[in-house]
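Novice: Sequence first, predicted coordinates after that:
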Amino acid sequence: MENTARTTEVIQGVVALDQGTKEAGAIVWWRMSGDTQRADLVTAYIAAGLNEKEVWGDPGPASALRRSMHSLEEKRRLVRPLEKRGAWALVTENVKGEDISHTNLATVHLGDDDKPTMNPVIPDLLQPILDGFDYYSRTWTTDDVSSWLTHRVLHSCNAVTLRDTGGVYFVPRNLLDLWRRIVGALRSVSAHRVFEVPALASEEAVASILDAVEREATTAATAMEEDLVEAELGARALRNRAEKCAAVVRKVESYEALLGTKLDVLRDRLLTLQGQLAAAALVALAAKSDDE
């Protein structure tokens with residue numbers, strides 16, 4: 001994530017200085033630093049009165065092994081994925097003059113018990129792999145935390161991204177308290193830095209936020225319209241998309257109320273699409289019943 005100076009350019013025009021202008025919400029971004037123990041975050045969530053189920057689970061065995069394996073890499077010791085998913089090779093690179101050759105030291109994969117197994121066993125390397133596997137099985141990396149904030153927390157806070165590439169987001173004022181409680185829990189158990197500045201309901205701010213809402217909703221609508229026309233979806237998949245479309249409608253309506261601006265064309269497009277998806281789901285369900 002950008003530092004404060006580089007982010008200023010992105011949010012300029014959204015953050016007003018006139019303190020008499022009504023606050024619409026906040027612009028937020030973050031900079032990740034170090035690993036985070038998921039169990040500590042769950043404890044902080046509970047202490048803050050938050051729903052612990054909103055905290056993603058521990059990394060799976062495959063992710064833990066991958067991270068453990070890559071932690072062993074050195075200048076001449078390489079880690080390479082094998083054809084079988086979740087299997088790895090430890091390789092030594094040998095350099096003699098201008099010639100380079102490679103020696104396979106061992107292969108490592110997850111056993112039936114979802115624990116790492118090595119063949120042949122090299123004790124000096126197996127133990128660090130096991131230790132790393134244990135550590136990464138219960139630890140979130142910076143990528144994990146950033147992904148969780150982006151895809152779970154900001155979604156829960158009805159936020160929109162202010163840049164096509166992400167990184168800077170708007171959280172509406174009615175959900176700022178939830179956002180701040182979540183950030184407080186994260187800060188209490190990590191070194192991550194999360195920044196927030198007020199977004200006031202100035203003309204430029206409203207235009208920037210509406211542009212973000214329209215961009216997000218239009219992208220979602222286009223993808224669902226293409227699925228409806230091109231993909232051979234079953235009844236369940238069509239119902240899921242109809243529910244997703246309804247959620248997008250609710251989000252658009254919430255921003256209309258927040259900013260006092262109507263997005264009639266976009267909302268009508270989404271409502272029409274929602275009806276088409278629901279109707280297609282009924283047709284697919286009826287066809288499935290006839291086949292049975």
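Specialist: Good, I have the coordinates. Numbers count the residues shown, from 1 in each chain.
Novice: per the record, what domains does this structure have?
Specialist: Split into domains by automatic domain parsing, the chain comes to 4-57+155-200, 61-137, 206-291.
Novice: now these in TSV, with distance to S146, mean pLDDT and mean neighbour count?
Specialist: From N, CA and C alone the C-beta is placed, and that goes for glycine too. Shown next, in TSV, are the domains of the chain (distance: least, CB to CB, whole Å; pLDDT from 0 to 100; neighbours: other CB atoms under 10 Å):
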stretch	distance to S146	mean pLDDT	mean neighbour count
domain 4-57+155-200	6	85	17
domain 61-137	15	94	14
domain 206-291	19	90	16
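Novice: Tell me which of those lies nearest to S147.
Specialist: Closest of those to S147 is domain 4-57+155-200, at 8.3 Å (criterion: CB to CB).
Novice: Would you reformat the domains of the chain as JSON lines and include distance to L149?
Specialist: Shown next, in JSON lines, are those (distance: least, CB to CB, whole Å):
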{"stretch": "domain 4-57+155-200", "distance to L149": "7"}
{"stretch": "domain 61-137", "distance to L149": "18"}
{"stretch": "domain 206-291", "distance to L149": "17"}
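Novice: wait, which of the ones you listed is closest to W148?
Specialist: domain 4-57+155-200 (5.2 Å).
Novice: what about the closest one, distance to the chain center?
Specialist: Computed by CA atoms, centre = their mean, to the nearest Å, the chain-centroid distance of domain 4-57+155-200 equals 14 Å.
Novice: Then stretch 198-213?
Specialist: 24 Å.
Novice: Equivalent analysis for stretch 67-82, please.
Specialist: 26 Å.
Novice: could I have that stretch exported to CSV, CA atoms only?
Specialist: These are the backbone C-alpha positions of stretch 67-82, laid out as CSV (Å, rounded to 0.1, in the frame of the first residue of the first chain):
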residue,chain,number,x,y,z
ARG,A,67,5.2,-21.1,2.6
SER,A,68,7.4,-23.3,4.7
MET,A,69,9.2,-24.7,1.7
HIS,A,70,9.9,-21.3,0.2
SER,A,71,11.3,-20.2,3.6
LEU,A,72,14.1,-22.7,3.0
GLU,A,73,15.3,-21.2,-0.2
GLU,A,74,18.9,-19.9,-0.3
LYS,A,75,21.2,-18.8,-3.1
ARG,A,76,22.0,-22.3,-4.2
ARG,A,77,19.2,-24.2,-2.6
LEU,A,78,16.0,-24.0,-4.7
VAL,A,79,12.4,-25.0,-4.1
ARG,A,80,10.5,-26.2,-7.2
PRO,A,81,6.9,-27.4,-7.5
LEU,A,82,6.3,-30.9,-8.9
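Novice: quick one: terminal-to-terminal distance for stretch 141-159?
Specialist: 23 Å (CA to CA, to the nearest Å).
Novice: Quick one: residues in contact with it.
Specialist: With CB atoms under 8 Å, 6 or more residues apart in numbering as the test, stretch 141-159 has contacts from 1, 28, 30, 32-36, 54-56, 59, 67, 140, 166, 169-172, 175, 178-179, 182, 186, 190, 192, 251, 254.
Novice: Helices of the stretch 101-250 of the chain, start to end?
Specialist: Secondary structure of the stretch 101-250 of the chain (DSSP state H, counting those that start in this stretch): helices at 123-137, 142-148, 154-156, 176-188, 203-230, 235-259.
Novice: nearest to A44, of those?
Specialist: The nearest among the helices of the stretch 101-250 of the chain, by CB to CB, is helix 176-188 at 3.9 Å.
Novice: Please tell me how far L149 sits from K115.
Specialist: 31 Å (CB to CB, to the nearest Å).
Novice: Equivalent analysis for W179, please.
Specialist: 38 Å.
Novice: what do you get for A47?
Specialist: For A47, the distance to K115 - CB to CB - is 33 Å.
Novice: Equivalent analysis for A278, please.
Specialist: 46 Å.
Novice: remind me, longest strand of the chain?
Specialist: strand 99-110 (DSSP state E).
Novice: on contacts alone, who are the packing partners of that strand?
Specialist: helix 61-70, strand 88-96, strand 116-119, helix 123-137 (3 or more CB pairs under 8 Å, 6 or more residues apart in numbering; DSSP states H and E).
Novice: if we go to 10 Å?
Specialist: When contacts are defined as 3 or more CB pairs under 10 Å, 6 or more residues apart in numbering; DSSP states H and E, strand 99-110 sits against helix 61-70, strand 77-81, strand 88-96, strand 116-119, helix 123-137.
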